[in-house]
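# just to be clear, the model below is a prediction. Sequence and coordinates:
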Amino acid sequence: MSVTVEAPRIEHHREPLGIGERMPRLSWRVASAPSGWRQAAYRVELEQRGAATSFEVQSPDQVLVAWPGEPLQSRERVTVRIAVRGADDAWSEASAPTSLEAGLLEPGDWTARPVGATRNENPNTDDRRPSLVRRGFEAREGVVRARLYATAHGVYEAELNGERVGDDTLSPGWTVYGTRLRYYTYDVTALVRPGHNAIGAWLGDGWYRGRLGWRGGFRNVYGYDQSFLGQLELTYADGTREVIATDHSWRSAPSPILQSGIYDGEDYDAREEQPGWSAPAFDDSAWEGVQERHRDPATLVAPTAPPVRATEELRPVEVLTGPSGSRILDFGQNLVGRVRIRVSGPAGATVTLRTAEVMQDGEIYTRPLRAARAADSYTFAGRDAEEWEPRFTFHGFRYVEVGGWPGDLDADAAAGALVARVYHTDLERTGWFESSDPALNRLHENVVWGMRGNFVDIPTDCPQRDERIGWTGDIQVFGPTASTLFDVSGMLSGWLRDVAIEQLPDGTVPWYVPVIPAVDKWTPMRPGAAWGDVATLLPWTLYERFGDVAVLEAQFDSARRWVDLLERLAGPSRLWDTGFQLGDWLDPAAPPHDPADARTDRYLVATAYFAKSARTVARMADVLGLAEERTHYDALAGEVVAAFAEAYVNDDGTMTSDAQTAYALGLRFDLITDPGRRDAAAARLAQLVHEAGNRISTGFVGTPLVSDALSSGGQVETAYDLILERECPSWLYQVEQGATTVWERWDSLLPDGTVNPGQMTSFNHYALGAVADWMHRVIAGLAPDAPGYRRIRFAPRPGGGLTSASARQLTAYGEAAIAWRMADGRLHVEATVPIGAEAVLDLAGAREETLPPGTHTRDVAQTA
Ligand code: RAM
């Protein structure tokens, strides 16, 4: 078998067009090789600046290796191929090429200025109707390359010569705009023609100046102007370049969108359309001029992740009629996106679409959406066929109440005319799980859907109500699961930059990033355990799952500043036992109106996280070769662990909070070091689970940890009892109730079928789905054992009556997989190790062994 290499990957990009890294790191997968083959050297072949160069490096590395060429310049295109060889064989064929292209890397590259309608910029009139901006331009014969670099204050969709540019939506997404505003690069070569051309953009308020936050929220959080910043660059065969940039020469007009908001939805009047507005022949003499704004080009950054896109379309599974006569579509899945309609109707008639996650008493139930209107409307122009989808909003929904439909809306009529389009950051799927239990599989599927709906440019708490913000605690606990299911490396490392930017001078990590103004409880920001620890734990998770040292480098200062703050807050006692804490948020025993009132002492939670974060910073320092820092944080962690044990762990291994979350923290964060006490604590945890009738008794903090605390504490069967429980509250209770996503509360839907009366009741919150990572690592038995899965740990722990389970993980090295099945008291295991990695196989009752690349089968007697 010959050695074949796949086309290399550039940093964490799915499409390396318009990248911002000057020295992008390279990764490749070896698709095939003879058994026993190992890479001893690689060769990077570059075509850069008209010259072919190659660089040979003696190294087994193949993930995120250093760029060997010249640093990239703005707009530069380079082709990269990789060849590899083993210890004593010849070079492989070079891989297929990957072409990458740099974006605009220097502030001086930007001549464009943000432009928008003057009426959108007056805080006094508060005119929020979205605008169109456009201009015509001439192009000569011989354009060989055309690029549009674009962003907005607000959200935009660009058009060129009547065609939509790109398929991204809600761009430029949500960052800390003042410091980092993302721009996107589009290849528009095919859209430009010799002669007269036109370019334009739709604009909406988006997060920049739309309503954000609770209780009515705030507007204009980032500024008053709604404006587009675009720079179209035409490169001719003779090498000359022409730039058409947004400036005072552009024109503006109100768009047919009457109003648009992330929370509220969009109203559109097709009679207000101006056909051909972005085509060259359009006469814009009746349009107004534009207001030109200032933007510091140094704040424009290239994306590190894919944009938000439609990734799937769902048709309604049923059309229901409510007691009021309402017509309601059921899409069969709680999802995040928008509905597209295709129908004709009389001019001036209006269709309304009201979305909801749940029904009650036969009608859509919108109370959980709080002050989010979550509705769209379309007014017909009266053409033969009209097709429409809102542009600058998204909803979290399963049901849509349709009003004003022209004609009867039965199942047949709905089938072709209404489709739900699923939108999220277009991440690559990397993790799959299956077992012999359909309910567990559905739980896993619900976690995946919950993740899709809450990775809409930033990691959010929920996608439907007047919130949808980057709560740090939620992604802190969900990070490992997120990193298993999808390649989040680029997206989350980008978001972590914003965490560092929003961090307060004293080290406080905000409750949510980006920060928005909020009600008193969250303002001013106060340090909170489990939420603030995103600064230490999420970078570490990304390092562990993707092998990316750069994320540790980039975040080290932020991480240590958080731990330094905790050190000051705790003082010489090393116990963080003062101040406001959310603790084990949403412990099912907490009353609906006070989710922080948990069974586990909130300060026990705080000190446990302090210890965990201090140790994590020590590890980061170790990887980064910072010896002094490593020693400091190691010593600090040791002192915190000792103080924790002294304050919260009794001599017999029980804890001062005799609650599951306390034990889960003690065990999982290695805070109970004495082996005898550890075993006793694990036994007590198992006992508590059984005393609770296997119902879940943990909130945001305990839930991601409790299954591991049990399974690694010798209580595997109890871990299964917990995850397979179906009574309320439990993971499978939700599944039994027909959930298609993971809920915010264990009982968002109460056993009597009514919606939980709490004012915080989302049906799409990923935090409690953090158990999926354990399902992969322990039920199926596939975990990283060295950063980036360079060493994999296959350690399935069958139980709970399951007869089979499997997981696949698309790692940086290639696909790792495990599948096991039980038959006749024997366990059959098949495990696949990708080339370039190795694995440890750890089957209970058998000796641990190391597995080389390839597929391996084992068959062992099961004693238990
Ligand atoms: C809620 C959010 C989030 C949680 C905070 C504390 O408002 O939805 O899930 O992190 O509260």
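Received it, and whenever you're ready, just let me know what you need. None of the values given here were measured: they were computed from a predicted structure.

# just the residues contacting stretch 504-518, thanks.
Contacting residues not belonging to stretch 504-518 are listed as 174-177, 207, 212-214, 218, 221, 458, 461, 469-473, 495, 498-499, 502-503, 522-523, 525-528, 531-535, 558, 561-562, 564-565 [C-beta atoms under 8 Å, 6 or more residues apart in numbering]. Every residue, glycine included, has its C-beta placed from N, CA and C.

# how about the closest residue to Ala347 other than its chain neighbours, secondary structure?
Among residues not flanking Ala347 along the chain, Gly382 sits closest, at 2.9 Å (C-beta to C-beta, 6 or more residues apart in numbering). Three-state assignment for Gly382 (DSSP: H, G, I helix; E, B strand; the rest coil): coil.

# what's the answer for Met760, then?
coil.

# ok, for it, nearest residue in space, not its chain neighbours?
Among residues not flanking Met760 along the chain, Glu744 sits closest, at 6.5 Å (C-beta to C-beta, 6+ apart).

# enumerate every residue touching the one you found.
461-462, 586, 760-765, 767-768.

# of those, which is the most crowded?
Each of the contacts of Glu744 was scored for neighbours by other C-beta atoms under 10 Å, and Asn764 scores highest at 32 neighbours.

# so that one sits against Asn334, correct?
Yes - if you go by C-beta atoms under 8 Å, Asn764 and Asn334 touch, sitting 5.7 Å apart.

# and for those two, which residues touch both?
Shared contacts of Asn764 and Asn334, counting by C-beta under 8 Å, 6+ apart, come down to 357, 396, 449, 453, 741.

# spell out which residues of this protein are next to the ligand.
Within reach of the ligand by C-beta under 6 Å from any ligand atom, the chain has these residues: 461-462, 467, 471, 473-474, 582, 585, 760, 765.

# go through the contacts of stretch 504-518 and flag which are in helices.
Of the positions in these, 207, 472-473, 495, 498-499, 502, 534-535, 558, 561-562, 564-565 sit in helices, assigned by DSSP state H.

# and those residues, which two are the farthest apart?
Pairwise distances across the ones in helices among the contacts of stretch 504-518 peak at 31.2 Å for Trp207 and Asp564 (criterion: C-beta to C-beta).

# so for the two, which residue has more residues nearby?
Under the neighbour definition other C-beta under 10 Å, Trp207 and Asp564 were set side by side, and Trp207 has more, 24 against 17.

# neighbours of the closest residue in space to the more buried one that isn't next to it in sequence, how many?
Among residues not flanking Trp207 along the chain, Trp174 sits closest, at 4.5 Å (C-beta to C-beta, 6+ apart). Applying other C-beta under 10 Å, we find 26 residues neighbouring Trp174.

# circling back: per-residue pLDDT of the residue nearest to Met760, please?
As predicted, Glu744 sits at a pLDDT of 97.

# helix, strand or coil for it?
Per three-state DSSP, the secondary structure class of Glu744 is coil.

# then Ala347?
Here Ala347 is coil, with the state taken from three-state DSSP.

# strand partners of the lengthiest strand in the chain, parallel vs antiparallel please.
Criterion DSSP state E: the longest strand present in the chain is strand 327-343. Partner strands for strand 327-343, per DSSP bridges, with pairing direction: strand 318-321 (antiparallel), strand 386-388 (antiparallel), strand 395-403 (antiparallel), strand 418-425 (antiparallel).

# returning to what we had before: just give me the closest of the contacts of Glu744 to the ligand.
Among the contacts of Glu744, Asp461 lies closest to the ligand (C-beta to the nearest ligand atom), at 3.6 Å.

# what's near enough to touch the closest residue to that closest one other than its chain neighbours?
Nearest non-adjacent residue to Asp461, counting by C-beta to C-beta, 6+ apart: Trp471, 4.2 Å away. By C-beta under 8 Å, 6+ apart, Trp471 lies in contact with 460-461, 511-512, 531.

# please name the bridge partners of the most centrally placed residue in the chain.
Nearest residue to the geometric centre of the chain (C-alpha atoms, centre = their mean): Phe455, 3.6 Å. Beta-bridge partners of Phe455, counted by DSSP bridges, are Pro459.

# that one reaches Val488, doesn't it?
Yes - counting by C-beta under 8 Å, Phe455 touches Val488, with 7.4 Å between them.

# which neighbours do those two share?
Overlap of the contact sets of Phe455 and Val488 (by C-beta under 8 Å, 6+ apart) consists of 427, 482.

# which one of the contacts of Trp471 sits closest to the ligand?
Looking across the contacts of Trp471 and measuring by C-beta to the nearest ligand atom, the closest to the ligand is Asp461, at 3.6 Å.

# how near is that closest one to Thr600?
21 Å (C-beta to C-beta, to the nearest Å).

# over to Ala150?
With C-beta to C-beta as the criterion, Ala150 and Thr600 are 49 Å apart.

# re earlier: of all the shared contacts of Asn764 and Asn334, which two lie farthest apart?
Glu357 and Trp449 (11.8 Å).

# for the two, indicate the residue with more neighbours.
Between Glu357 and Trp449, counting by other C-beta under 10 Å, Glu357 is the more crowded of the two (31 against 23).

# can you verify my assumption that the more buried one contacts Thr761?
No - with contact defined as C-beta under 8 Å, Glu357 does not count as touching Thr761 (9.5 Å).

# now do the shared contacts for those two.
Joint contacts of Glu357 and Thr761 (C-beta under 8 Å, 6+ apart) are Pro368.

# show me what contacts Val5?
Val5 neighbours (C-beta under 8 Å, 6+ apart): 28-31, 82-84, 92-95.

# restricted to strands, list those.
30-31, 82-84.

# and the residue nearest to Trp207, what does it touch?
By C-beta under 8 Å, 6+ apart, the contact list for Trp174 reads 206-207, 457-458, 470, 514.

# from the ligand, how far out is it?
Using C-beta to the nearest ligand atom, to the nearest Å, we find Trp174 at a distance of 16 Å from the ligand.

# pLDDT below threshold where in the chain?
Low-confidence segments of the chain (pLDDT under 70): 863-864.

# so the residue of it positioned farthest from its centre, which of the three states?
Using C-alpha atoms, centre = their mean, the residue of the chain lying farthest from its centre is Ser285. It sits 43.8 Å away. Following three-state DSSP, the label given to Ser285 is coil.

# Ala414 versus that one, what's the distance?
43 Å.

# next: Ser711.
On the measure of C-beta to C-beta, Ser711 and Ala414 end up 46 Å apart.

# before we move on, what about Trp774?
40 Å.

# now do Gly108
Gly108 is 54 Å from Ala414, by C-beta to C-beta.

# which one's more surrounded, the two?
Using other C-beta under 10 Å as the criterion, Gly108 and Ala414 rank with Ala414 on top: 22 against 10.

# which element is that one on?
For Ala414, the enclosing helix or strand under DSSP states H and E is helix 411-417.

# which parts of the stretch 751-864 of the chain are helices?
For the stretch 751-864 of the chain, the helices defined by DSSP state H, counting those that start in this stretch occupy 772-774.

# can you show me the strands along it?
Ranges of strands in the stretch 751-864 of the chain, per DSSP state E, counting those that start in this stretch, are 783-784, 791-794, 804-811, 814-823, 826-833, 838-841, 849-851, 854-861.
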